[in-house]
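Participant: how would this look folded up:
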Amino acid sequence: MSDLSPQRAAVLEFLRERIAAGVPPSLAEIAAAFGFASRNAAQRHVQALVSAGLVELQAGQKRGLRLPGQGDRMAALPVLGRVAAGVPIGPDTGSDRVLWLDRSVFSLRPDYLLRVEGDSMIDDGILEGDLVGVHRSRDARDGQTVVARLDDAITIKRLEHRAGGVRLLPRNPAHAPIVIAADADFAIEGLYCGLVRQG
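Facilitator: Down below sits the predicted model:
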């Protein structure tokens, strides 16, 4: 890196910080951060860093910058919407936002992220605003924390199998368990596998 100009070194440091935070910057954001007159100047810096092997560019991906070797341990996870930690909320179309996150953060390999709304899982350390990783699965064991769909609403709770049926248990005494009626439109969407809390 010693042969980089001070400005190019600053661009590299900016990219590293943003990529490490899971949000690779767009060319417009790089241009704005450094006061470049156009995205072309940002493109030239990025291309030079790619040529030097200091960053990698994934073809065909929006915000497709990553650090060398990152593909081995990092995962690009889409933020697909919201999940209720309280009363179930309706489905969310989500966004095109993708975060690059280290796979070691999660107990299982997540397929996507959902943003938590509500406080019913605070005793398990799942707080409002957290991004929870979800591993797609239709099956879950008793006691596992699951993302479930109930009558077109999505919620995150602990699963409890009983002789009389299924309950979804909150982890906050202020919230009551959700008893799943025998005729309810209910499905397990996935298993909770960890979270990311953004400052």
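Participant: what segments of the chain are helices?
Facilitator: In the chain, the helices defined using DSSP state H lie at 6-20, 27-34, 39-51, 70-73.
Participant: where's the third one relative to the chain centroid, distance-wise?
Facilitator: Read it as helix 39-51. Its chain's C-alpha centre and that of helix 39-51 lie 27 Å apart, by CA atoms, centre = their mean, to the nearest Å.
Participant: picking that back up, tell me which of the helices of the chain lies nearest to Val79.
Facilitator: For Val79, the closest of the helices of the chain is helix 6-20, at 16.0 Å, according to CB to CB. Every C-beta, even on glycine, is put in place using the N, C-alpha and C of the backbone.
Participant: return the residues in contact with the residue lying closest to Ile19 once chain neighbours are set aside.
Facilitator: Counting by CB to CB, 6 or more residues apart in numbering, the nearest residue to Ile19 once its immediate chain neighbours are dropped is Leu67, at 5.7 Å. Leu67 makes contacts with 16, 19-20, 55-56, as judged by CB atoms under 8 Å, 6 or more residues apart in numbering.
Participant: identify the farthest-apart pair in these.
Facilitator: Most distant of the contacts of Leu67, by CB to CB, are Ala20 and Glu56, 14.3 Å apart.
Participant: just for this structure, where's the confidence low?
Facilitator: Filtered on pLDDT under 70, the chain yields the residue ranges 1-2, 60, 69-74, 86-96, 199.
Participant: domain map for it?
Facilitator: Domains of the chain are assigned by automatic domain parsing as 6-68, 73-196.
Participant: tell me the contacts of the residue nearest the centre of the chain?
Facilitator: Closest residue to the average C-alpha location of the chain: Leu113 at 3.6 Å, with CA atoms, centre = their mean. Counting by CB under 8 Å, 6+ apart, Leu113 touches 77-80, 99, 131-134, 196.
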